[in-house]
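**Student:** I'd like to go over a predicted model; first the sequence, then the structure.
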Amino acid sequence: MVGIRKVAGEHLGVTFRVEAGELVIARILHGGMIDQQGLLHAGDIIKEVNGKEVVEDPRVLQEMLQDASGSVVLKILPSYQEGHEPGQVFVKCHYDYDPANDNLIPCKEAGLKFYTGDILQIVNQDDLNWWQARRCVEGGSAGLIPSQLLEEKRKAFVKRDNKKKKMMYLTTKNAEFDRHELLIYEDVAKVPPFRRKTLVLIGALGVGRRSLKNKLLLSDPQHYGTTFPHTSRKPKLGERDGQMYAFTSRSKMEADIKNGRYLEHGEYDGNLYGTKMDSIHEVVEAGRICVLDANPQALKVLWTSEFLPYVVFIEAPDFEVLKAMNQSAIETGVVTKQLTDSELKRTVDESPRIQTAYGHYFDLTIVNDNLDESYRNLKAALEKVSATQHWVPVTWVF
């Protein structure tokens, strides 16, 4: 016999299953009332509740225990299984989850709701399909969340929309999004403040990344630097190597591209252009943060301890605001090119597609509806990240 005390409606933090005609404790949620008392264990068989024999229906037993108050006496057959301490496993969630909408969860009340970007501590992974997790910020008792395996299976069976799939390819001509990677949970670790090696500005063409980059470089050249593009074209009259471009031969560029020495590269008017990895390292080794306005495909290469990136997504404002900003930039001499309505619309349409495909990399999102305000927000974020603890991929640490 095991006695517990509870108030009516209080969750016990336990789920049940039917096994060989018996009601068995399937799992005990970490931090819940039953877990704190330590009197019951996974595998224990429940025979009676307050002298009443239980039926072979987990839902009926849950209701009996939920409604019970005061002293509750359980007659059990113990399993003699030993519990274990929760591990130090932390994950960043890359999807939204609401147990109220999940028809597969064993007990909706035991589920843990979370959103994209939340950090959870995984306290139990014994069940193949359902992990126990708790929020790092709030603490408290654990709840059930889908395991990596279960959620991968579900997402793999979601019917794809062919129209949406084609839209994904519009972001660039020559590169595909990594659509086949199912992003569920990412192992992370909390680390003290540290200096990032690179600042990566991501956004649609024409959204203002270059303007923000130049503003930052001019404001603090001691702390921020950038790379010069390498090119196979011949220098024009008055151009000097290492000022605006690093000039090299086509054969040398092709060989280096083949050997993976370029972060990104392309061809324009018969000449090759690209950002060389060594150029990034040179800026970092000089003691400065390397600012890059890279294509989003480059994030997969940069997302390592070698480059320690802080990734900022520059989101496009609505069409009219973007059009007014472009006109203002021309009048003040910041830019010289008048963007057409179709180009502006392409920027606005492209922005959410980039965010959907690459949002799991972003540390910060800034809607660029005012260049000065966006710059202030960027500077404030950079100062904060250099002074506070943050969660990073475990691969950056171990």
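**Tutor:** The structure has been received and is ready for your questions. Here the structure is a predicted model, which means the values were calculated and not measured.

**Student:** Contacts only, for residue 370.
**Tutor:** If a contact means Cβ atoms under 8 Å, 6 or more residues apart in numbering, then residue 370 has residue 325 as its contacts. C-beta coordinates here come from the backbone N, C-alpha and C atoms, glycine included.

**Student:** now swap in residue 46 and tell me
**Tutor:** When contacts are taken as Cβ under 8 Å, 6+ apart, residue 46 is in contact with 16, 23, 24, 25, 54, 61, 74, 75, 76.

**Student:** so after the worst-scoring helix or strand of the chain on mean pLDDT, what's the next helix or strand?
**Tutor:** When the helices and strands of the chain are compared on mean pLDDT, DSSP states H and E, helix 162-168 comes out lowest with a mean of 40. Remark: after helix 162-168, the chain's next helix or strand is strand 185-191, criterion DSSP states H and E.

**Student:** Partner strands of that following strand, with direction?
**Tutor:** Strand pairing for strand 185-191, using DSSP bridges, gives strand 89-93 (antiparallel), strand 390-393 (antiparallel).

**Student:** Residue 338: what secondary structure?
**Tutor:** coil (DSSP: H, G, I helix; E, B strand; the rest coil).

**Student:** residues in contact with the most far-flung residue of the chain relative to its centre?
**Tutor:** Here the chain has its C-alpha centre computed as a mean, and the residue farthest from that point, by Cα atoms, centre = their mean, is residue 51 with 50.0 Å. Residues counted as contacts of residue 51 (Cβ under 8 Å, 6+ apart) are residue 73.

**Student:** Now do the helices in the stretch 101-250 of the chain.
**Tutor:** Along the stretch 101-250 of the chain, counting by DSSP state H, counting those that start in this stretch, helices occupy 148-156, 162-168, 209-219, 250-258.

**Student:** so where's this structure shaky on pLDDT?
**Tutor:** Low-confidence segments of the chain, defined by pLDDT under 70, are located at 1-12, 20, 30-34, 36-39, 55-59, 61-62, 65-70, 79-87, 138-139, 158-181.

**Student:** Report the residue ranges of every domain in it.
**Tutor:** Using automatic domain parsing, the domain ranges for the chain come out as 2-77, 89-156, 192-223+288-390, 228-280.

**Student:** Just the endpoints, please. Distance across the last one?
**Tutor:** Spelled out, that is domain 228-280. Across its full length, domain 228-280 reaches 9 Å end to end, with Cα to Cα, to the nearest Å as the criterion.

**Student:** any idea how far stretch 333-345 is from the chain center?
**Tutor:** Here the centre of mass of C-alpha atoms in stretch 333-345, compared against the chain's by Cα atoms, centre = their mean, to the nearest Å, lies 32 Å away.

**Student:** who touches it?
**Tutor:** 206, 211, 319, 322, 323, 326, 327, 329, 330, 347, 371.

**Student:** Disregarding flanking residues, what is the spatial nearest neighbour of the third one?
**Tutor:** Counting by Cβ to Cβ, 6 or more residues apart in numbering, residue 348 is the residue found nearest to residue 319 once chain neighbours are left out, at 5.2 Å.

**Student:** tell me the contacts of that neighbour?
**Tutor:** For residue 348, the contacting residues are 204, 316, 317, 318, 319, 322, by Cβ under 8 Å, 6+ apart.

**Student:** Next, count neighbours for residue 314.
**Tutor:** Counted with other Cβ atoms under 10 Å, residues neighbouring residue 314 total 25.

**Student:** Mind listing the residues bridging to it?
**Tutor:** Residue 314 forms beta bridges with residue 203, residue 366, as assigned by DSSP bridges.

**Student:** pretty sure it contacts residue 210?
**Tutor:** No. Because the distance of 10.0 Å does not satisfy Cβ atoms under 8 Å, residue 314 is recorded as not touching residue 210.
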